[in-house]
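Colleague: quick one: sequence plus predicted model below, questions after.
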Amino acid sequence: MHVNNLPTLVALAASVLLVLKVPARLFPVIALGASAIDALRAFGIVSFKVPVIGAAVLFGAAMVVGGVGSWIKSSNKVAVTAAVVVAFVGLMRVLAHYL
């Protein structure tokens, strides 16, 4: 495991926490799915090719949508922090592709 995979694992743990803590399940499940597939991609277990935008941008954007949606729907401090972490890691993935 490399240090580069640490944000991916943190996002995965935060999205699992979101699924457990946020009563509305749609956005946490989106965040969990995107972060789980991103973690599998980071460890080389699966490989995706998205023709136009790239897989990193697609799953990063899904993490941003899941994190921001969960942040809006939650009122618990733990859930808000987890949602911000997921959204921030997703935003880092998207911006890393374009910068």
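Modeller: Received it, and whenever you're ready, just let me know what you need.
Colleague: any idea how far the lengthiest helix in the chain is from the chain center?
Modeller: Counting residues, the longest helix found in the chain (DSSP state H) is helix 77-98. Here helix 77-98 is found 6 Å from its chain centre; the criterion is CA atoms, centre = their mean, to the nearest Å.
Colleague: flag every buried residue along that helix.
Modeller: For helix 77-98, the neighbour count (16 or more other CB atoms under 10 Å) marks 79-80, 82-83, 85-91, 93-94 as buried. For every residue, glycine as well, the C-beta is placed using N, CA and C.
Colleague: now the residue nearest in space to the middle of the chain. Nearest residue, chain neighbours left out?
Modeller: Centroid-nearest residue in the chain: Met63, 3.4 Å away (criterion: CA atoms, centre = their mean). In space, and not counting its chain neighbours, Met63 is closest to Gly90: 2.8 Å by CB to CB, 6 or more residues apart in numbering.
Colleague: spit out the contact partners of the one you found.
Modeller: Gly90 makes contacts with Ala11, Ala31, Ala34, Phe59, Gly60, Ala61, Ala62, Met63, Val64, Val65, Gly66, Gly67, as judged by CB atoms under 8 Å, 6 or more residues apart in numbering.
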